[in-house]
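predicted model, plus sequence, below.
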Amino acid sequence: MRRVGLSVAGFVLMMTALPTQARDLSKHDLDVCKWGAGMAGTAQQSKLSGTTLYSARKKLQVRTFSKPWMRKMALGITEQTYKSPSRLKPAAVKQTYYDGCVQHELARK
């Protein structure tokens with residue numbers, strides 16, 4: 001029982017520290033993470049609704065993006081989301097992607 005309490009306390013501490021650490025990143029880095037998280041959430045929603053990967057990719061191909069790198073990244077995020085066996089809700093996928101992206105950016109710096 002004591003280990004469970006320590007694990008929960010450690011998790012809560014880690015989650016409260018994440019917003020503090022995220023402030024060390026530039027606004028651009030946070031915006032990229034937020035955008036990617038949105039793409040992951042949308043891809044998960046499409047996957048759970050029964051849309052095929054082919055259809056999801058076609059929609060992204062005709063969509064206009066503000067930056068040249070966004071299309072390729074959106075396609076990659078969508079493909080990875082579809083390959084994942086995860087059945088999590090889109091909001092959970094979005095949060096997981098965002099947290100992982102922020103951690104990755106912090107580790108790079």
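Sure thing, it's come through.

helices along the protein, start to end?
2-22, 27-49, 53-62, 68-83, 90-108 (DSSP state H).

against Tyr54, how distant is the residue nearest the centre of the chain?
For the chain, Tyr97 is the residue whose C-alpha lies nearest the centre (CA atoms, centre = their mean; 2.1 Å). Separation of Tyr97 from Tyr54 (CB to CB, to the nearest Å): 22 Å. In short, each C-beta sits where N, CA and C put it, glycine included.

likewise Thr64?
Counting by CB to CB, the gap from Thr64 to Tyr54 is 20 Å.

neighbour count winner among those two?
More crowded of Thr64 and Tyr54, by other CB atoms under 10 Å: Tyr54, with 9 against 6.

and stretch 78-94, what's buried?
Neighbour-count burial for stretch 78-94 flags 78, 81-82, 90, 93-94 (criterion: 16 or more other CB atoms under 10 Å).

swap that for stretch 48-64, please
For stretch 48-64, by 16+ other CB under 10 Å, it's 56, 60.

which residues are in contact with that stretch?
Residues from elsewhere that reach stretch 48-64 (CB atoms under 8 Å, 6 or more residues apart in numbering): 43, 46-47, 71, 74-75, 78-79, 82, 87, 90.

turn those into JSON lines, including distance to Lys27.
Formatted as JSON lines, these follow (distance: CB to CB, whole Å):
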{"residue": "Ala43", "distance to Lys27": "25"}
{"residue": "Ser46", "distance to Lys27": "29"}
{"residue": "Lys47", "distance to Lys27": "30"}
{"residue": "Arg71", "distance to Lys27": "22"}
{"residue": "Ala74", "distance to Lys27": "21"}
{"residue": "Leu75", "distance to Lys27": "25"}
{"residue": "Thr78", "distance to Lys27": "25"}
{"residue": "Glu79", "distance to Lys27": "28"}
{"residue": "Tyr82", "distance to Lys27": "30"}
{"residue": "Arg87", "distance to Lys27": "33"}
{"residue": "Pro90", "distance to Lys27": "25"}
